[in-house]
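# Mind looking at a prediction? Sequence and model below.
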Amino acid sequence: MTKPGKRREQLMSLVSGAGVTPANPPALLPASDYFDLAGEEFGARLLLTTGADGLQYCLRPDFTLPIAKACISGEGVAPAAFSYLGPVFRQRAQGPVEFEQAGLELVGQPDPEAALSRVFEFTAKALGIYGVSTPAVRLGSVALFEALLEAADMPPVWRPRLRRRFGSRKALTASLDRLTSLNGNTQTLAGKSRNELIEDITGQMLESGLSLVESRTPEEIADRFLEKQALAVAKVPEKTIALLRAYLAISGPVEQALAEAEELFSANGLSLEKPLSGVAAQAKVLAALLPDAVLSFEAGFSPRLHYYTGLVFEIAGEGGDILASGGQYDRLLQSLGAQKEVSASGCALWVARLEGEAGR
Amino acid sequence: MSAKPVNEIILAVPSKGRLEEQSCKVFADAGLAIERPGGARSYQGNIAGHPDIVVRFLSAGEIARELVRGNLDMGITGTDLIHEASQNGAEKVNIARALGFGQADVVIAVPGVWLDVSTMSDLSDVAADFSSRHGRWLRVATKYVNLTRRFFAAHGIAEYKIVQSLGATEAAPASGAADLIVDITSTGSTLRANGLRVLEDGVILKSEASLVVSHNRQFGEQQQVLLERVLAAFAN
């Protein structure tokens, strides 16, 4: 049996292997980057401190953001492959925790699908080091959900809103429930034209000293006001809501779940062959690398972060703890300031949990 | 730390203004008159006939924080401050008796001119659309960071950012510091004066001055008796 020291050595050589550059971002980072990227909900998990300069800093909660950010320069983003191994810090309900993560970040690769395969290989090798051969793999696809939203019949304003809630079953269900029972209130100003509304709103904003440009604009308020009234008449079709609910309920062994999805789409007259076969192909690559793993596809599974774009995955060991997670996030670099979308994928490994699995 | 058994309890009372007056009044009405021999400049007091109850005068915020941390046995403070003292502040204490004063609501208020926003669901739509329209998150000014996070999470809203505000929160939308606020209000007049409107389902917490016992303390037998005696005086 391999000793812990030996496993450590193997992990170190995996993260410093050929073709990757070990990254070592600072443990102390400006907190605003995380708040700007992920908002308050993720911000609540940061360990914060305030500098003598009055700025807020946090202890590194992950490696992805500082690595991705460092890739962005004035000349655009060059293809890069970074690996890492080191401590991260998070705030949990019971208090602050420090733990070690290892991982891989592939940025701007010419073939994004080949890059994802490389992420899978890295993950499978790491699992191999710790003797994890029968993990439970949970797959989700942001690409498939986005394609479904695009194809489904609904007023366009609802697409980004539903997308924003993808990843939180509770928030998404609440939205669908609300769509079912949507009714307009706000009759008070009914009958006014858009221009009259804008004029009214502008007047009120000036009166209460609100900026017309810094926050919501008069046009924006008027448009959503009118949209709300319009939606009371032209709702999201019940058929669409039922379709979304049925899709989000899909969960099971990959092949079966994808077949269910395909059947559901065609029953609704939709053809989403390309994203569907995309997921199937990605799952096949992973299945070949982890022949004894149990692979399932869960339609509603995703981190609730807007920058994820393609496949997302989570791998759990026998103890049920997540050992590895990752996916494709082509919108990350753009959210951090890159000029355009840059393909990106990667994974993060929980080192102590992997070591725990080896001890089983 | 202390080897010998502690036979007294520490009762913390708000140190100034109406809260102090009303606290002392409800204690006097309950037959436990609080004395502050050194006047407003002294931060120690006592209860006639109960030498084993030590009274300390502190700010209401400090009382909440120290009860949650377990550095005080019992105190009078607002429930809003208990919830705000730490992420799970309310689990660290026993809110034993509501005292019938200091009532105020922690509410979420938006500019009145946001004609299209009357409920949290409306706000949820606005938050989801906001960053793609304005290139930044919707900003919420408040001193109630924990309560705000919990309430927004309960409504499935993740697309926002808190701007910490330590005073005059109601001015934040007009000054451009934030788009909306979470603040405490008793009559709503300050909010209205600043052109703000409370959402229909925007009451986050109904707060009231309360007698609160710390959970983070190991009470001795004698202390338990004292605590129960004080609580019994407020039985109704």
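Perfect, I can see it now.

# Going by C-alpha atoms from here, please, whenever you check contacts or count neighbours.
Fine.

# domains of the chain?
This is for chain A. A:1-133+A:340-360, A:194-233 (automatic domain parsing).

# actually it's chain B I care about, not the one you picked
According to automatic domain parsing, the domains of chain B span B:9-103+B:208-233, B:104-206.

# and A:A124, how many neighbours?
The local packing of A:A124 (other C-alpha atoms under 10 Å in any protein chain shown) involves 17 other residues.

# residues touching it, list them.
Residues near A:A124 by C-alpha atoms under 8 Å, 6 or more residues apart in numbering or on different chains: A:L289, A:L290.

# pLDDT of the helix or strand containing it, averaged?
For A:A124, the host element (DSSP states H and E) is helix A:112-129. The average pLDDT within helix A:112-129 is 97.

# cool, and stretch A:214-231?
For stretch A:214-231, the mean per-residue pLDDT is 88.

# Sheet partners, orientation included, of the strand of greatest length in chain B?
Taking DSSP state E as the criterion, chain B has its longest strand at strand B:196-207. Using DSSP bridges, the strands paired with strand B:196-207 in its sheet are strand B:104-111 (antiparallel).

# where do the strands sit along the chain?
You didn't pick a chain, so chain A it is. A:21-22, A:28-30, A:48-50, A:56-59, A:80-92, A:95-107, A:136-141, A:251-253, A:294-298, A:311-316, A:322-328, A:344-350.

# not quite, I wanted chain B
B:9-14, B:34-35, B:44-47, B:50-58, B:74-78, B:93-98, B:104-111, B:138-142, B:160-164, B:180-185, B:196-207, B:209-214.

# that older thread, hmm, who's touching the longest strand of chain B?
By C-alpha under 8 Å, 6+ apart, the residues outside strand B:196-207 that reach it are B:78-80, B:102-112, B:117-120, B:147-148, B:151, B:170, B:191.

# Which members of these are classed as buried?
Buried members of the contacts of strand B:196-207, counted by 16 or more other C-alpha atoms under 10 Å in any protein chain shown: B:78-80, B:102-112, B:117-118, B:120, B:147-148, B:151, B:170, B:191.

# Next, the contact list for A:V107, please.
Counting by C-alpha under 8 Å, 6+ apart, A:V107 has contacts A:A68, A:C71, A:A78, A:P79, A:A80, A:A81, A:V342, A:S343, A:A344, A:S345.

# Give me the neighbour count for A:L206.
Neighbours of A:L206 using other C-alpha under 10 Å come to 12.

# what about the chain, any weak spots by pLDDT?
With no chain named, the answer covers chain A. Within chain A, the stretches with pLDDT under 70 are A:1, A:182-190, A:232-234.

# could you do chain B instead?
Using pLDDT under 70, chain B drops low at B:1-5, B:236.

# residues in contact with the longest helix along it?
If you go by DSSP state H, chain B has its longest helix at helix B:120-134. The contact list for helix B:120-134 (C-alpha under 8 Å, 6+ apart) reads A:160-161, A:164, A:215, B:116-117, B:136-138, B:155-157, B:159-160, B:199-202.

# Correct me if wrong: A:Y57 contacts A:G43.
No. If you go by C-alpha atoms under 8 Å, A:Y57 and A:G43 don't touch, sitting 11.4 Å apart.

# The two: who's more crowded?
A:G43 (23 against 19).

# which non-adjacent residue is nearest the more buried one?
Nearest non-adjacent residue to A:G43, counting by C-alpha to C-alpha, 6 or more residues apart in numbering or on different chains: A:F35, 5.6 Å away.

# thinking that neighbour is in contact with B:K161, fair?
Yes. At 7.0 Å, A:F35 counts as touching B:K161 under the criterion of C-alpha under 8 Å.

# rewinding a little: please save the CA atoms from the longest helix of chain B in PDB.
Provided in PDB are the C-alpha atoms of helix B:120-134 (Å, rounded to 0.1, in the frame of the first residue of the first chain):
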ATOM      1  CA  MET B 120     -39.300  41.200  -3.400                       C
ATOM      2  CA  SER B 121     -40.100  39.300  -6.600                       C
ATOM      3  CA  ASP B 122     -39.900  42.600  -8.500                       C
ATOM      4  CA  LEU B 123     -36.600  43.300  -6.800                       C
ATOM      5  CA  SER B 124     -35.400  39.900  -7.800                       C
ATOM      6  CA  ASP B 125     -36.100  40.600 -11.500                       C
ATOM      7  CA  VAL B 126     -34.400  44.000 -11.200                       C
ATOM      8  CA  ALA B 127     -31.300  42.400  -9.500                       C
ATOM      9  CA  ALA B 128     -31.100  39.700 -12.200                       C
ATOM     10  CA  ASP B 129     -31.100  42.300 -15.000                       C
ATOM     11  CA  PHE B 130     -29.000  45.000 -13.200                       C
ATOM     12  CA  SER B 131     -25.400  43.900 -13.800                       C
ATOM     13  CA  SER B 132     -25.900  43.400 -17.600                       C
ATOM     14  CA  ARG B 133     -27.500  46.900 -17.900                       C
ATOM     15  CA  HIS B 134     -25.100  48.800 -15.600                       C
END
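
# And it, what's buried?
Those would be B:M120, B:S121, B:L123, B:S124, B:D125, B:V126, B:A127, B:A128, B:D129, B:F130, for helix B:120-134 by 16+ other C-alpha under 10 Å.

# From B:I157, how far out is the fifth one?
Taken as C-alpha to C-alpha, to the nearest Å, the spacing of B:D125 relative to B:I157 amounts to 9 Å.

# again with the third one
Distance check for B:L123 against B:I157: by C-alpha to C-alpha, it reads 8 Å.

# repeat for the fourth one
Here the distance between B:S124 and B:I157 works out to 6 Å (C-alpha to C-alpha).

# near chain A, which residues of chain B?
B:87-88, B:113-116, B:125, B:128-129, B:134, B:136-137, B:149, B:153, B:155-162, B:173-176, B:179, B:194-195 (C-alpha under 8 Å from any C-alpha of the partner chain).

# same thing but 7 Å
Listed as neighbours of chain A in chain B under the rule C-alpha under 7 Å from any C-alpha of the partner chain: B:113-116, B:125, B:128-129, B:137, B:156, B:158-162, B:173-174, B:176, B:179, B:194-195.

# Quick check: bridge partners of residue 140?
Answering for chain A, as no chain was given. Here A:G140, judged by DSSP bridges, has bridge partners A:V312.

# I was after chain B.
Note on B:V140: beta-bridge partners B:I162, B:L180, judged by DSSP bridges.

# Measure how buried the residue nearest to B:F151 when sequence neighbours are not counted is and give me the count.
Excluding the flanking residues, the one nearest B:F151 by C-alpha to C-alpha, 6+ apart is B:I204, at 6.6 Å. Neighbour count of B:I204, defined by other C-alpha under 10 Å: 19.

# try the one 10 residues further on
Taking other C-alpha under 10 Å as the neighbour definition, B:S214 ends up with a count of 25.

# what's the answer for B:K206, then?
Quick note: B:K206 (other C-alpha under 10 Å) scores 16 neighbours.

# near chain B, which residues of chain A?
Contact residues, chain A versus chain B (C-alpha under 7 Å from any C-alpha): A:39-41, A:161, A:164, A:170-171, A:201, A:204-205, A:208-211, A:214-215, A:221, A:224-225.

# Sort out which of the residues you listed are buried, if you could.
Going by neighbour count (16+ other C-alpha under 10 Å), the residues of chain A next to chain B have A:39-41, A:161, A:164, A:171, A:201, A:204-205, A:208-211, A:215, A:221, A:224-225 buried.

# Mark which of those residues are part of helices, please.
A:G39, A:E40, A:E41, A:R161, A:R164, A:A171, A:I201, A:Q204, A:M205, A:I221, A:R224, A:F225.

# Might one say that B:L191 is in contact with B:A171?
No. Here B:L191 does not reach B:A171: they are 9.0 Å apart, not a contact under C-alpha atoms under 7 Å.
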